[in-house]
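Chemist: give the three-dimensional model of this entry:
(one chain, ligands or ions: 1)
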Amino acid sequence: MSAPRVVSVAAGSPAARAGLQVGDELLAVAGRAPRDVIEYRLLVDDARPELEIRRGHHELTVELDKEAGTPAGIEVSSAVFDRVRTCDNHCEFCFIYQLPKGMRRSLYLKDDDYRLSFLYGNFTTLTRFTELDLERVLAERLSPLFVSIHATDPLLRARMLRNRRGATSLRWLRALLDGGIEVHGQIVVCPGVNDGAALEGTLAGIVDEYPELATAACVPLGVSDHTTEPAMRPHTGAEAGAVVDLVEQWQALCLGALGRRLFYVADEYYLLAGRRFPPAAAYDGFPQHENGVGMARAFEAAFGGDEGSALGTRRGFFAAVDGAPAAGYRAPRAVSRRTVPPASVSPVAVALGATRSGEVGPAPLRTAVVTGEYGAAVLGPLLARHHGDAARLVVVPNRFFGGNIAVTGLLTGADIARALAAEPAGERYLLPDVCLSEGRFLDGMTPTELPRPVEIVATDGAALRRALEGGGAGERS
Ligand code: SF4
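Modeler: Down below sits the predicted model:
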(Lines give C-alpha, C1' and ligand atoms only; values in the text may rest on other atoms or scores of the structure.)
Protein backbone atom coordinates (compact mmCIF):
# COMPACT_ATOMS: atom_id res chain seq x y z
CA MET A 1 0.00 0.00 0.00
CA SER A 2 1.40 3.40 -0.92
CA ALA A 3 0.56 6.42 1.21
CA PRO A 4 -1.46 9.04 -0.66
CA ARG A 5 0.25 12.35 -1.27
CA VAL A 6 -1.43 15.69 -0.61
CA VAL A 7 -1.84 17.50 -3.94
CA SER A 8 -3.72 20.58 -2.77
CA VAL A 9 -4.62 22.33 0.47
CA ALA A 10 -7.58 24.70 0.45
CA ALA A 11 -6.69 28.17 1.74
CA GLY A 12 -8.12 28.83 5.20
CA SER A 13 -9.19 25.20 5.67
CA PRO A 14 -8.50 23.18 8.84
CA ALA A 15 -5.70 21.40 6.95
CA ALA A 16 -4.11 24.72 5.99
CA ARG A 17 -4.39 26.03 9.54
CA ALA A 18 -2.69 22.86 10.81
CA GLY A 19 0.19 23.48 8.41
CA LEU A 20 -0.35 20.63 5.94
CA GLN A 21 1.60 21.09 2.74
CA VAL A 22 1.42 19.85 -0.83
CA GLY A 23 3.70 16.80 -1.05
CA ASP A 24 2.99 15.55 2.49
CA GLU A 25 2.28 11.80 2.60
CA LEU A 26 -0.76 10.79 4.59
CA LEU A 27 0.21 7.76 6.70
CA ALA A 28 -2.75 7.43 9.05
CA VAL A 29 -5.90 9.13 10.26
CA ALA A 30 -7.01 8.49 13.84
CA GLY A 31 -4.37 5.74 14.06
CA ARG A 32 -5.53 3.87 10.94
CA ALA A 33 -4.00 3.76 7.48
CA PRO A 34 -6.99 4.27 5.16
CA ARG A 35 -7.21 1.89 2.18
CA ASP A 36 -8.94 4.39 -0.05
CA VAL A 37 -10.48 7.82 -0.12
CA ILE A 38 -13.82 6.43 1.08
CA GLU A 39 -12.26 5.20 4.33
CA TYR A 40 -10.20 8.38 4.59
CA ARG A 41 -13.39 10.40 4.36
CA LEU A 42 -15.04 8.39 7.14
CA LEU A 43 -12.03 8.74 9.42
CA VAL A 44 -11.45 12.43 8.80
CA ASP A 45 -15.13 13.19 9.22
CA ASP A 46 -14.82 13.10 13.02
CA ALA A 47 -14.17 16.17 15.13
CA ARG A 48 -10.49 17.04 15.65
CA PRO A 49 -9.01 14.06 13.75
CA GLU A 50 -5.31 13.31 14.22
CA LEU A 51 -3.29 12.87 11.03
CA GLU A 52 0.09 11.16 10.83
CA ILE A 53 2.08 12.50 7.93
CA ARG A 54 5.53 12.05 6.40
CA ARG A 55 7.28 15.16 5.15
CA GLY A 56 10.62 14.36 3.61
CA HIS A 57 12.47 12.28 6.20
CA HIS A 58 10.28 13.39 9.10
CA GLU A 59 7.08 11.96 10.45
CA LEU A 60 4.70 14.38 12.12
CA THR A 61 1.37 14.21 13.88
CA VAL A 62 -1.08 17.07 13.40
CA GLU A 63 -4.56 17.58 14.78
CA LEU A 64 -7.13 19.29 12.60
CA ASP A 65 -9.20 21.91 14.35
CA LYS A 66 -12.56 21.05 12.83
CA GLU A 67 -16.02 19.93 13.78
CA ALA A 68 -17.48 16.54 12.89
CA GLY A 69 -18.87 16.40 9.34
CA THR A 70 -16.91 19.36 8.01
CA PRO A 71 -14.23 19.04 5.30
CA ALA A 72 -10.54 18.87 6.12
CA GLY A 73 -9.59 20.80 2.98
CA ILE A 74 -7.02 18.59 1.29
CA GLU A 75 -7.02 16.69 -1.97
CA VAL A 76 -4.92 13.56 -2.30
CA SER A 77 -3.18 11.97 -5.26
CA SER A 78 -5.29 8.85 -5.77
CA ALA A 79 -8.69 7.41 -4.92
CA VAL A 80 -7.44 3.96 -3.97
CA PHE A 81 -4.39 3.74 -1.71
CA ASP A 82 -3.91 -0.03 -1.90
CA ARG A 83 -3.99 -1.55 -5.38
CA VAL A 84 -6.86 -0.88 -7.79
CA ARG A 85 -8.53 -4.23 -8.30
CA THR A 86 -8.04 -5.14 -11.93
CA CYS A 87 -10.42 -7.27 -13.94
CA ASP A 88 -9.70 -10.93 -14.64
CA ASN A 89 -12.09 -11.12 -17.60
CA HIS A 90 -11.07 -11.16 -21.26
CA CYS A 91 -14.20 -9.92 -23.00
CA GLU A 92 -14.13 -10.15 -26.79
CA PHE A 93 -15.71 -6.69 -27.01
CA CYS A 94 -13.37 -5.01 -24.51
CA PHE A 95 -12.34 -1.64 -25.91
CA ILE A 96 -9.09 -1.64 -23.96
CA TYR A 97 -7.83 -4.56 -26.08
CA GLN A 98 -8.66 -2.45 -29.13
CA LEU A 99 -6.46 0.49 -28.21
CA PRO A 100 -3.40 0.98 -30.40
CA LYS A 101 -0.04 0.59 -28.67
CA GLY A 102 1.80 3.58 -27.28
CA MET A 103 -1.04 5.48 -25.57
CA ARG A 104 -0.99 6.71 -21.96
CA ARG A 105 -0.49 3.75 -19.58
CA SER A 106 -3.55 4.65 -17.52
CA LEU A 107 -5.75 4.00 -20.57
CA TYR A 108 -4.80 0.32 -20.54
CA LEU A 109 -5.90 -0.26 -16.93
CA LYS A 110 -8.74 -2.78 -16.80
CA ASP A 111 -10.26 -1.92 -13.42
CA ASP A 112 -13.02 -4.00 -11.90
CA ASP A 113 -13.18 -2.37 -8.50
CA TYR A 114 -16.46 -1.69 -6.70
CA ARG A 115 -14.86 1.34 -5.05
CA LEU A 116 -14.29 3.01 -8.42
CA SER A 117 -17.84 2.07 -9.31
CA PHE A 118 -19.06 3.95 -6.25
CA LEU A 119 -16.69 6.90 -6.62
CA TYR A 120 -16.73 7.42 -10.37
CA GLY A 121 -19.57 5.37 -11.84
CA ASN A 122 -17.28 2.77 -13.49
CA PHE A 123 -19.06 -0.49 -14.29
CA THR A 124 -17.97 -3.64 -12.45
CA THR A 125 -18.68 -7.27 -13.39
CA LEU A 126 -18.44 -8.40 -9.73
CA THR A 127 -16.25 -11.38 -10.75
CA ARG A 128 -13.70 -10.31 -8.12
CA PHE A 129 -16.23 -9.23 -5.51
CA THR A 130 -15.99 -11.00 -2.14
CA GLU A 131 -18.00 -11.54 1.04
CA LEU A 132 -15.83 -8.93 2.77
CA ASP A 133 -16.58 -6.43 0.01
CA LEU A 134 -20.30 -7.06 0.44
CA GLU A 135 -20.03 -6.49 4.18
CA ARG A 136 -18.26 -3.20 3.59
CA VAL A 137 -20.66 -1.98 0.90
CA LEU A 138 -23.62 -2.69 3.17
CA ALA A 139 -22.02 -1.29 6.33
CA GLU A 140 -20.80 1.91 4.66
CA ARG A 141 -23.85 2.19 2.35
CA LEU A 142 -21.73 2.51 -0.80
CA SER A 143 -24.65 3.26 -3.07
CA PRO A 144 -25.26 3.55 -5.99
CA LEU A 145 -23.09 0.98 -7.77
CA PHE A 146 -22.88 0.21 -11.49
CA VAL A 147 -22.83 -3.41 -12.68
CA SER A 148 -22.12 -4.93 -16.10
CA ILE A 149 -24.71 -7.62 -16.64
CA HIS A 150 -24.46 -8.41 -20.39
CA ALA A 151 -26.51 -11.63 -20.00
CA THR A 152 -28.42 -13.32 -17.21
CA ASP A 153 -27.88 -16.78 -18.72
CA PRO A 154 -24.88 -18.01 -16.70
CA LEU A 155 -23.17 -19.83 -19.55
CA LEU A 156 -23.59 -16.95 -21.98
CA ARG A 157 -22.28 -14.46 -19.41
CA ALA A 158 -19.25 -16.66 -18.66
CA ARG A 159 -18.60 -16.95 -22.38
CA MET A 160 -18.86 -13.21 -22.92
CA LEU A 161 -16.53 -12.41 -20.03
CA ARG A 162 -14.30 -15.39 -20.87
CA ASN A 163 -14.28 -16.13 -17.19
CA ARG A 164 -16.09 -19.01 -15.54
CA ARG A 165 -16.78 -16.82 -12.50
CA GLY A 166 -18.98 -14.78 -14.81
CA ALA A 167 -21.53 -17.58 -14.53
CA THR A 168 -21.99 -17.07 -10.80
CA SER A 169 -20.93 -13.51 -9.96
CA LEU A 170 -24.41 -12.06 -10.44
CA ARG A 171 -25.25 -13.66 -7.09
CA TRP A 172 -23.55 -10.57 -5.65
CA LEU A 173 -25.99 -8.38 -7.56
CA ARG A 174 -28.81 -10.21 -5.80
CA ALA A 175 -27.10 -9.68 -2.43
CA LEU A 176 -26.53 -5.98 -3.10
CA LEU A 177 -30.18 -5.47 -4.02
CA ASP A 178 -31.26 -7.46 -0.95
CA GLY A 179 -29.15 -5.09 1.11
CA GLY A 180 -30.96 -2.07 -0.31
CA ILE A 181 -28.08 -0.83 -2.48
CA GLU A 182 -29.14 1.13 -5.56
CA VAL A 183 -27.65 -0.56 -8.62
CA HIS A 184 -27.63 0.54 -12.25
CA GLY A 185 -26.86 -2.12 -14.86
CA GLN A 186 -25.62 -2.18 -18.41
CA ILE A 187 -25.83 -4.73 -21.20
CA VAL A 188 -23.17 -4.36 -23.88
CA VAL A 189 -24.97 -5.89 -26.84
CA CYS A 190 -22.83 -7.76 -29.38
CA PRO A 191 -24.54 -8.85 -32.61
CA GLY A 192 -24.70 -12.60 -32.99
CA VAL A 193 -23.74 -13.12 -29.34
CA ASN A 194 -26.25 -11.65 -26.88
CA ASP A 195 -28.75 -9.85 -29.13
CA GLY A 196 -32.05 -11.22 -30.47
CA ALA A 197 -33.51 -14.05 -28.39
CA ALA A 198 -30.56 -13.92 -25.99
CA LEU A 199 -31.23 -10.23 -25.28
CA GLU A 200 -34.90 -10.93 -24.74
CA GLY A 201 -33.90 -13.69 -22.30
CA THR A 202 -31.67 -11.21 -20.45
CA LEU A 203 -34.41 -8.56 -20.18
CA ALA A 204 -36.82 -11.24 -18.92
CA GLY A 205 -34.14 -12.54 -16.55
CA ILE A 206 -33.62 -9.08 -15.08
CA VAL A 207 -37.33 -8.54 -14.50
CA ASP A 208 -37.58 -12.02 -12.98
CA GLU A 209 -34.44 -12.10 -10.83
CA TYR A 210 -33.44 -8.48 -10.26
CA PRO A 211 -36.58 -6.35 -10.47
CA GLU A 212 -35.20 -3.89 -7.89
CA LEU A 213 -32.45 -2.86 -10.31
CA ALA A 214 -32.74 0.93 -10.70
CA THR A 215 -32.02 0.98 -14.45
CA ALA A 216 -30.48 -1.25 -17.12
CA ALA A 217 -29.12 0.28 -20.32
CA CYS A 218 -28.49 -1.53 -23.59
CA VAL A 219 -25.36 -0.08 -25.20
CA PRO A 220 -23.68 -1.21 -28.42
CA LEU A 221 -20.16 -2.60 -28.48
CA GLY A 222 -17.47 -0.40 -29.98
CA VAL A 223 -15.38 -2.03 -32.69
CA SER A 224 -12.18 -0.26 -33.68
CA ASP A 225 -9.88 -1.17 -36.58
CA HIS A 226 -7.50 -2.54 -33.97
CA THR A 227 -9.71 -5.39 -32.78
CA THR A 228 -8.20 -8.85 -33.00
CA GLU A 229 -11.54 -10.56 -32.44
CA PRO A 230 -12.94 -11.80 -35.76
CA ALA A 231 -16.42 -12.41 -34.33
CA MET A 232 -16.85 -8.81 -33.17
CA ARG A 233 -18.54 -6.49 -35.66
CA PRO A 234 -20.76 -3.39 -35.47
CA HIS A 235 -24.55 -3.73 -35.60
CA THR A 236 -26.30 -3.25 -38.92
CA GLY A 237 -29.05 -0.65 -39.04
CA ALA A 238 -31.67 -3.42 -38.99
CA GLU A 239 -30.07 -5.04 -35.93
CA ALA A 240 -29.98 -1.68 -34.17
CA GLY A 241 -33.68 -1.19 -34.96
CA ALA A 242 -34.42 -4.64 -33.52
CA VAL A 243 -32.68 -3.71 -30.25
CA VAL A 244 -34.70 -0.47 -30.04
CA ASP A 245 -37.98 -2.32 -30.73
CA LEU A 246 -37.28 -5.03 -28.17
CA VAL A 247 -36.24 -2.66 -25.40
CA GLU A 248 -39.19 -0.35 -26.04
CA GLN A 249 -41.55 -3.36 -25.76
CA TRP A 250 -40.01 -4.22 -22.42
CA GLN A 251 -40.17 -0.61 -21.27
CA ALA A 252 -43.92 -0.72 -21.85
CA LEU A 253 -44.20 -4.04 -20.01
CA CYS A 254 -42.22 -2.72 -17.06
CA LEU A 255 -44.21 0.51 -16.92
CA GLY A 256 -47.32 -1.67 -16.48
CA ALA A 257 -45.82 -4.23 -14.10
CA LEU A 258 -43.32 -2.19 -12.08
CA GLY A 259 -44.52 1.35 -12.64
CA ARG A 260 -41.23 2.40 -14.23
CA ARG A 261 -39.36 1.76 -17.46
CA LEU A 262 -36.32 0.00 -15.98
CA PHE A 263 -34.71 -0.47 -19.43
CA TYR A 264 -33.17 2.20 -21.65
CA VAL A 265 -31.43 2.24 -25.04
CA ALA A 266 -28.23 4.11 -25.88
CA ASP A 267 -28.58 7.04 -28.30
CA GLU A 268 -26.23 5.29 -30.72
CA TYR A 269 -28.91 2.69 -31.48
CA TYR A 270 -31.41 5.34 -32.57
CA LEU A 271 -28.77 6.96 -34.79
CA LEU A 272 -27.76 3.61 -36.31
CA ALA A 273 -31.34 2.63 -36.92
CA GLY A 274 -32.26 6.04 -38.34
CA ARG A 275 -35.01 6.47 -35.73
CA ARG A 276 -36.15 9.54 -33.83
CA PHE A 277 -35.04 9.72 -30.22
CA PRO A 278 -37.76 9.23 -27.59
CA PRO A 279 -38.96 12.45 -25.92
CA ALA A 280 -36.84 13.74 -23.02
CA ALA A 281 -39.50 12.68 -20.51
CA ALA A 282 -38.97 9.03 -21.51
CA TYR A 283 -35.48 9.15 -19.99
CA ASP A 284 -36.82 9.74 -16.45
CA GLY A 285 -34.19 12.27 -15.41
CA PHE A 286 -31.38 10.74 -17.49
CA PRO A 287 -29.96 8.30 -14.91
CA GLN A 288 -27.59 6.76 -17.48
CA HIS A 289 -26.68 10.00 -19.26
CA GLU A 290 -22.95 9.35 -19.01
CA ASN A 291 -23.42 5.94 -20.59
CA GLY A 292 -24.69 7.66 -23.75
CA VAL A 293 -28.38 7.18 -22.90
CA GLY A 294 -30.49 10.28 -23.54
CA MET A 295 -27.50 12.56 -24.19
CA ALA A 296 -28.99 13.86 -27.42
CA ARG A 297 -32.32 14.81 -25.85
CA ALA A 298 -30.67 16.37 -22.78
CA PHE A 299 -28.35 18.34 -25.06
CA GLU A 300 -31.21 19.49 -27.22
CA ALA A 301 -33.26 20.61 -24.22
CA ALA A 302 -30.35 22.55 -22.71
CA PHE A 303 -29.52 24.08 -26.10
CA GLY A 304 -33.12 25.21 -26.37
CA GLY A 305 -32.89 27.01 -23.02
CA ASP A 306 -33.81 24.39 -20.42
CA GLU A 307 -30.84 24.87 -18.08
CA GLY A 308 -32.04 22.01 -15.91
CA SER A 309 -31.09 19.60 -18.69
CA ALA A 310 -27.48 20.80 -18.87
CA LEU A 311 -26.22 17.68 -17.15
CA GLY A 312 -22.61 17.80 -18.31
CA THR A 313 -20.45 15.42 -16.31
CA ARG A 314 -22.10 14.26 -13.14
CA ARG A 315 -19.47 13.49 -10.60
CA GLY A 316 -21.69 11.48 -8.26
CA PHE A 317 -20.29 10.77 -4.86
CA PHE A 318 -16.94 12.12 -5.96
CA ALA A 319 -18.30 15.64 -5.84
CA ALA A 320 -19.04 15.21 -2.16
CA VAL A 321 -15.83 13.48 -1.16
CA ASP A 322 -13.45 15.75 0.57
CA GLY A 323 -10.07 14.69 -0.73
CA ALA A 324 -10.96 12.48 -3.70
CA PRO A 325 -8.95 13.22 -6.80
CA ALA A 326 -10.49 13.40 -10.23
CA ALA A 327 -9.98 10.19 -12.19
CA GLY A 328 -10.93 8.51 -15.41
CA TYR A 329 -13.34 10.34 -17.63
CA ARG A 330 -14.41 12.48 -14.71
CA ALA A 331 -11.01 14.15 -14.57
CA PRO A 332 -11.19 17.86 -15.32
CA ARG A 333 -11.37 18.06 -19.08
CA ALA A 334 -9.79 21.37 -19.98
CA VAL A 335 -6.90 22.87 -18.08
CA SER A 336 -8.61 26.21 -18.52
CA ARG A 337 -11.53 27.10 -20.71
CA ARG A 338 -9.99 29.82 -22.79
CA THR A 339 -9.30 30.36 -26.42
CA VAL A 340 -6.33 28.15 -27.17
CA PRO A 341 -4.11 29.62 -29.85
CA PRO A 342 -1.81 27.56 -32.03
CA ALA A 343 1.76 27.76 -30.81
CA SER A 344 2.79 30.60 -33.13
CA VAL A 345 -0.01 33.05 -32.28
CA SER A 346 -0.31 35.00 -29.02
CA PRO A 347 -3.55 34.89 -27.00
CA VAL A 348 -3.94 38.65 -27.41
CA ALA A 349 -3.71 38.31 -31.18
CA VAL A 350 -6.30 35.57 -31.10
CA ALA A 351 -8.70 37.78 -29.20
CA LEU A 352 -8.27 40.39 -31.90
CA GLY A 353 -8.91 37.90 -34.66
CA ALA A 354 -5.31 37.30 -35.73
CA THR A 355 -4.37 35.05 -38.58
CA ARG A 356 -1.62 32.48 -38.22
CA SER A 357 0.82 34.85 -39.89
CA GLY A 358 0.26 37.34 -37.10
CA GLU A 359 -1.77 39.93 -39.01
CA VAL A 360 -4.75 41.28 -37.15
CA GLY A 361 -7.83 40.76 -39.28
CA PRO A 362 -11.52 41.47 -38.86
CA ALA A 363 -13.50 39.71 -36.13
CA PRO A 364 -14.44 36.17 -37.18
CA LEU A 365 -17.63 36.04 -39.21
CA ARG A 366 -18.66 32.47 -38.77
CA THR A 367 -18.43 29.98 -36.00
CA ALA A 368 -17.74 26.29 -36.54
CA VAL A 369 -18.30 23.55 -33.98
CA VAL A 370 -15.85 20.64 -34.07
CA THR A 371 -17.60 17.31 -33.57
CA GLY A 372 -17.56 13.60 -34.34
CA GLU A 373 -19.89 11.88 -36.79
CA TYR A 374 -22.56 11.01 -34.20
CA GLY A 375 -22.38 14.51 -32.71
CA ALA A 376 -22.98 15.91 -36.17
CA ALA A 377 -26.19 13.94 -36.51
CA VAL A 378 -27.50 15.59 -33.33
CA LEU A 379 -25.99 19.06 -33.70
CA GLY A 380 -26.59 19.59 -37.41
CA PRO A 381 -30.38 20.06 -37.16
CA LEU A 382 -30.05 22.13 -33.96
CA LEU A 383 -27.60 24.58 -35.49
CA ALA A 384 -29.63 24.87 -38.67
CA ARG A 385 -32.82 25.57 -36.69
CA HIS A 386 -31.34 28.10 -34.25
CA HIS A 387 -28.41 29.71 -36.10
CA GLY A 388 -28.94 29.26 -39.83
CA ASP A 389 -25.76 30.03 -41.77
CA ALA A 390 -24.04 31.74 -38.83
CA ALA A 391 -22.80 28.46 -37.41
CA ARG A 392 -21.59 25.31 -39.08
CA LEU A 393 -19.96 22.01 -38.19
CA VAL A 394 -16.50 20.63 -38.74
CA VAL A 395 -17.17 16.91 -38.75
CA VAL A 396 -14.11 14.86 -37.84
CA PRO A 397 -14.01 11.20 -38.93
CA ASN A 398 -12.22 9.00 -36.42
CA ARG A 399 -9.30 7.61 -38.40
CA PHE A 400 -7.26 6.86 -35.29
CA PHE A 401 -9.65 4.14 -34.10
CA GLY A 402 -11.58 3.53 -37.31
CA GLY A 403 -14.35 0.95 -37.22
CA ASN A 404 -17.67 2.19 -35.85
CA ILE A 405 -16.10 4.68 -33.45
CA ALA A 406 -17.94 7.94 -34.13
CA VAL A 407 -18.48 9.59 -30.74
CA THR A 408 -16.85 12.98 -30.17
CA GLY A 409 -15.28 11.88 -26.88
CA LEU A 410 -12.95 9.44 -28.67
CA LEU A 411 -11.53 11.93 -31.17
CA THR A 412 -7.78 12.35 -31.05
CA GLY A 413 -5.76 15.51 -31.53
CA ALA A 414 -4.24 14.14 -34.75
CA ASP A 415 -7.65 13.58 -36.37
CA ILE A 416 -8.91 17.02 -35.28
CA ALA A 417 -5.70 18.66 -36.52
CA ARG A 418 -6.11 17.00 -39.92
CA ALA A 419 -9.68 18.26 -40.21
CA LEU A 420 -8.87 21.81 -39.02
CA ALA A 421 -5.92 22.15 -41.38
CA ALA A 422 -8.39 22.01 -44.26
CA GLU A 423 -10.56 24.76 -42.74
CA PRO A 424 -10.12 28.51 -43.36
CA ALA A 425 -8.15 30.66 -40.93
CA GLY A 426 -9.89 33.63 -39.32
CA GLU A 427 -13.04 31.73 -38.33
CA ARG A 428 -14.03 30.85 -34.82
CA TYR A 429 -13.73 27.17 -33.87
CA LEU A 430 -15.44 25.70 -30.81
CA LEU A 431 -14.08 22.44 -29.39
CA PRO A 432 -16.21 20.40 -26.94
CA ASP A 433 -14.22 19.59 -23.81
CA VAL A 434 -15.31 15.93 -23.90
CA CYS A 435 -12.33 15.33 -26.23
CA LEU A 436 -9.93 16.31 -23.44
CA SER A 437 -8.78 14.91 -20.15
CA GLU A 438 -6.72 17.31 -18.08
CA GLY A 439 -6.08 19.38 -21.17
CA ARG A 440 -4.87 16.55 -23.43
CA PHE A 441 -6.44 14.53 -26.19
CA LEU A 442 -6.34 10.73 -26.04
CA ASP A 443 -3.18 10.70 -28.16
CA GLY A 444 -1.42 13.09 -25.80
CA MET A 445 -1.68 16.17 -28.05
CA THR A 446 -2.84 19.47 -26.59
CA PRO A 447 -5.18 22.03 -28.20
CA THR A 448 -2.25 24.44 -28.64
CA GLU A 449 -0.81 22.02 -31.22
CA LEU A 450 -3.87 22.34 -33.47
CA PRO A 451 -3.44 24.34 -36.70
CA ARG A 452 -6.31 26.72 -35.83
CA PRO A 453 -7.06 28.45 -32.51
CA VAL A 454 -9.97 26.79 -30.75
CA GLU A 455 -12.28 27.81 -27.94
CA ILE A 456 -12.93 24.99 -25.51
CA VAL A 457 -16.59 24.75 -24.54
CA ALA A 458 -18.20 22.53 -21.91
CA THR A 459 -20.01 19.62 -23.58
CA ASP A 460 -23.56 20.56 -22.80
CA GLY A 461 -26.26 22.32 -24.74
CA ALA A 462 -26.45 25.38 -22.52
CA ALA A 463 -22.70 26.09 -22.75
CA LEU A 464 -22.73 25.70 -26.52
CA ARG A 465 -25.77 27.98 -26.84
CA ARG A 466 -24.05 30.68 -24.78
CA ALA A 467 -20.85 30.33 -26.80
CA LEU A 468 -22.77 30.65 -30.07
CA GLU A 469 -24.71 33.65 -28.80
CA GLY A 470 -21.44 35.52 -28.91
CA GLY A 471 -20.46 36.05 -25.33
CA GLY A 472 -19.27 32.48 -25.00
CA ALA A 473 -19.68 30.67 -21.71
CA GLY A 474 -17.22 33.01 -20.06
CA GLU A 475 -14.44 31.11 -21.76
CA ARG A 476 -13.22 33.30 -24.58
CA SER A 477 -10.20 35.40 -23.79
S1 SF4 B 1 -14.77 -6.53 -17.81
FE2 SF4 B 1 -14.47 -4.60 -18.85
S3 SF4 B 1 -12.28 -4.15 -18.61
FE4 SF4 B 1 -12.56 -6.32 -18.15
S5 SF4 B 1 -12.16 -7.37 -20.09
FE6 SF4 B 1 -14.37 -7.04 -19.95
S7 SF4 B 1 -14.75 -5.08 -21.01
FE8 SF4 B 1 -12.53 -5.22 -20.56
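
Chemist: tally up the residues packed near the closest residue to residue 274 other than its chain neighbours, please.
Modeler: Residue nearest to residue 274 in three dimensions, not counting chain neighbours: residue 237, with 6.2 Å by CB to CB, 6 or more residues apart in numbering. Just so you know, the C-beta spots here come from the backbone N, C-alpha and C atoms, and that holds for glycine as well. Using other CB atoms under 10 Å, the number of residues around residue 237 comes to 13.

Chemist: next one: residue 394
Modeler: Around residue 394 there are 20 other residues, counting by other CB under 10 Å.

Chemist: contacts only, for it.
Modeler: Residues in contact with residue 394, defined by CB atoms under 8 Å, 6 or more residues apart in numbering, are 368, 369, 370, 371, 419, 420, 423, 429.

Chemist: list the beta-bridge partners for it.
Modeler: When bridges are taken as DSSP bridges, the partners of residue 394 come out as residue 370.

Chemist: so which elements touch the biggest helix by length in the chain?
Modeler: Counting residues, the longest helix found in the chain (DSSP state H) is helix 237-257. Counting contacts by 3 or more CB pairs under 8 Å, 6 or more residues apart in numbering; DSSP states H and E, helix 237-257 is packed against helix 196-209, strand 215-220, strand 263-265, helix 267-273.

Chemist: one more pass at 7 Å, please.
Modeler: Packing contacts for helix 237-257, counted by 3 or more CB pairs under 7 Å, 6 or more residues apart in numbering; DSSP states H and E, involve helix 196-209, strand 263-265, helix 267-273.

Chemist: could you dump the ones you listed into JSON lines with mean pLDDT, distance to the ligand and mean neighbour count added?
Modeler: Converted to JSON lines, the helices and strands packed on helix 237-257 look like this (pLDDT from 0 to 100; distance: least, CB to the nearest ligand atom, whole Å; neighbours: other CB atoms under 10 Å):
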{"stretch": "helix 196-209", "mean pLDDT": "98", "distance to the ligand": "16", "mean neighbour count": "17"}
{"stretch": "strand 263-265", "mean pLDDT": "98", "distance to the ligand": "20", "mean neighbour count": "26"}
{"stretch": "helix 267-273", "mean pLDDT": "96", "distance to the ligand": "17", "mean neighbour count": "22"}
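
Chemist: who's in contact with the nearest residue to residue 93 once chain neighbours are set aside?
Modeler: The spatial neighbour of residue 93 that comes closest, neighbours along the chain excluded (CB to CB, 6+ apart), is residue 221 at 4.0 Å. Contact criterion CB atoms under 7 Å, 6 or more residues apart in numbering gives 93, 188, 189, 190, 232 as the residues in contact with residue 221.

Chemist: again with residue 25
Modeler: 3, 5, 53, 54.

Chemist: okay, now the first one: neighbour count?
Modeler: The local packing of residue 3 (other CB under 10 Å) involves 17 other residues.

Chemist: in space, what's closest to it - neighbours in sequence excluded?
Modeler: residue 25 (4.1 Å).

Chemist: beta partners for that neighbour?
Modeler: With DSSP bridges as the criterion, the beta-bridge partners of residue 25 are residue 5, residue 54.

Chemist: for the chain, give me the ranges with low pLDDT.
Modeler: Confidence mapping of the chain against pLDDT under 70 gives the ranges 307-365, 471-477.

Chemist: do that again at 80, thanks
Modeler: 1-2, 102, 104-106, 306-365, 470-477 (pLDDT under 80).

Chemist: would you mind listing what in it touches the ligand?
Modeler: For the chain, the residues found near the ligand under the criterion CB under 6 Å from any ligand atom are 87, 89, 90, 91, 94, 96, 110, 112, 125.

Chemist: my guess is the last one meets residue 113, correct?
Modeler: No: Residue 125 sits out of contact with residue 113 when judged by CB atoms under 7 Å, with a separation of 10.8 Å.

Chemist: ok, residue 9 touching residue 23?
Modeler: No: if you go by CB under 7 Å, residue 9 and residue 23 don't touch, sitting 10.1 Å apart.

Chemist: coming back round to it: and the residues of the chain next to the ligand, which two are furthest apart?
Modeler: With distance counted by CB to CB, no two of these lie farther apart than 96 and 125, which are 13.5 Å apart.

Chemist: if we can go back for a sec, wait, which of the contacts of residue 394 is closest to the ligand?
Modeler: The shortest approach to the ligand among the contacts of residue 394 belongs to residue 371, at 26.3 Å (CB to the nearest ligand atom).

Chemist: ok, now which ones touch the nearest residue to the closest one once chain neighbours are set aside?
Modeler: Residue nearest to residue 371 in three dimensions, not counting chain neighbours: residue 408, with 5.2 Å by CB to CB, 6+ apart. Listed by CB under 7 Å, 6+ apart, the contact partners of residue 408 are 371, 372, 375, 432, 434, 435.
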